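Q: sequence first, predicted model second:
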Amino acid sequence: MNDLRVTVCQQPLVWEDKAANLKFWEAKLRPLKGKTDLVVLPEMFTTGFTMSVHELAETMDGPTVAWLRNLSEELGATITGSMIVREECGTGGSGGKFYNRMLWANPDRSFTWYDKRHRFSFADEDKFFAAGSERKIFEKDGWKIMPQVCYDLRFPVFSRNLKSDRYDVLVYVANWPAARSSAWQSLLVARAHENQCYVIGVNRVGQDGKGIEYDGSSLVVSPKGEILCSFDKGEEAIETISLSGTDLDDFCAKFRPLDDADEFELKL
């Protein structure tokens, strides 16, 4: 595999203001044209981690999906991050389910997504959002990439690398509070070790509308558990790092614990 250039976007979010956030992101990302392959934005990058689903949700033919498609094509890079999406039920348009959906927009305008499986009941996310029902792996330039959202990080069985369907990179997008940042970073490193893969964890900074503080603590971790990219706590930064396909292949060829892993059936 060729190297994969990944851009980590540790930035603040404007509380529940989609227009302001999209304007902000557009200004930040446009200089990346031709300089990256994959741009990773935080969880709920248009609103912050809010339960105001009825006011802020969009459908898949809404303005944010169109914005992502257009900007991805302009940059020549895939863009990912999550937002609140409503899926209509029936034909009347009055019902529906809401998902914390991690979008994946490619520069050829193709599009896919992953719905967050594990809802954060501590913040009542389970009362507002439906749970995702599929484990997914995306492909990018020969790389296999598993998308995950925030609280998914605490459930290692769901993201376990399988002998029958292996991936190369785990990507976590998050609004993970500063009060639990030690757990965030420790678990990111653990996922890299146990799955023999690169792990990218992208978290926001700043304070949200509920007064919760976020310090970022975003990381890029190698399959050996080495920290390849990190940030100062609270730092507003955008960094691009190159993941080596050769290093990954060499390491997995020499050290093969996944060959000895237990077989299991994941029931969703």
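A: Perfect, thanks for sending it.

Q: which stretches of the stretch 1-150 of the chain form helices?
A: Using DSSP state H, counting those that start in this stretch, the helices of the stretch 1-150 of the chain run over residues 18-29, 53-56, 63-75, 125-128.

Q: now swap in the stretch 151-268 of the chain and tell me
A: Applying DSSP H, counting those that start in this stretch to the stretch 151-268 of the chain gives helices spanning 181-195, 245-254.

Q: in the shortest one, which residues are buried?
A: Judged by neighbour count using 16 or more other CB atoms under 10 Å, the buried positions of helix 245-254 are 245, 248, 251-252. Where C-beta positions appear, they are placed from N, C-alpha and C, glycine not excepted.

Q: gap between the two ends of stretch 144-164?
A: End-to-end distance for stretch 144-164: 13 Å, by CA to CA, to the nearest Å.

Q: and that stretch, what's buried?
A: So stretch 144-164, judged by 16+ other CB under 10 Å, has buried residues 144-153, 158-161.

Q: so what's residue 181 up against?
A: 215, 217, 233 (CB atoms under 8 Å, 6 or more residues apart in numbering).

Q: let's see 10 Å
A: Residue 181 makes contact with 203, 213-217, 233, according to CB atoms under 10 Å, 6 or more residues apart in numbering.

Q: and those, which of them are in strands?
A: Secondary structure assignment by DSSP state E places 203, 213-215 of those in strands.

Q: most surrounded residue in these?
A: Among these, residue 203 has the most neighbours (other CB atoms under 10 Å), with 28 neighbours.

Q: contacting residues around that one?
A: Counting by CB under 10 Å, 6+ apart, residue 203 touches 8, 10-11, 42-43, 150, 172-178, 181, 184-185, 188, 214-219, 231.

Q: that older thread, what's the farthest-apart pair in the buried residues of stretch 144-164?
A: The most widely separated members of these are 144 and 151, with 22.8 Å between them, by CB to CB.

Q: what's around residue 69, how many residues?
A: The tally of other residues near residue 69 (other CB under 10 Å) stands at 19.

Q: tell me how far residue 225 lies from residue 166.
A: 18 Å (CB to CB, to the nearest Å).

Q: about what we covered before: kindly reformat the helices of the stretch 151-268 of the chain as TSV containing mean pLDDT.
A: Shown next, in TSV, are these (pLDDT from 0 to 100):
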stretch	mean pLDDT
helix 181-195	97
helix 245-254	94
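
Q: tabulate those helices (JSON lines), appending distance to residue 126.
A: Below are the helices of the stretch 151-268 of the chain laid out as JSON lines (distance: least, CB to CB, whole Å):
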{"stretch": "helix 181-195", "distance to residue 126": "20"}
{"stretch": "helix 245-254", "distance to residue 126": "35"}
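
Q: and those: which comes nearest residue 72?
A: Closest approach to residue 72 among the helices of the stretch 151-268 of the chain (CB to CB): helix 245-254, 21.9 Å.

Q: measure stretch 30-43 end to end?
A: End-to-end distance of stretch 30-43 (CA to CA): 20 Å.

Q: list the buried ones in that stretch?
A: Of all the residues in stretch 30-43, those buried under the rule 16+ other CB under 10 Å are 32, 36-43.

Q: likewise for stretch 67-81?
A: Applying a neighbour-count criterion of 16+ other CB under 10 Å, one finds 67-69, 71-72, 75, 77-81 buried in stretch 67-81.

Q: same question, stretch 215-223
A: Quick answer for stretch 215-223 (16+ other CB under 10 Å): 215-223.

Q: now for the residues you listed: which two are most distant?
A: Spatially, the most separated pair among those is 215 and 223, at 25.8 Å (CB to CB).

Q: test my guess that residue 174 contacts residue 185.
A: No. Using CB atoms under 10 Å, residue 174 is not in contact with residue 185, being 11.3 Å away.

Q: so what's the residue count around residue 142?
A: Neighbourhood size, residue 142 [other CB under 10 Å]: 10.
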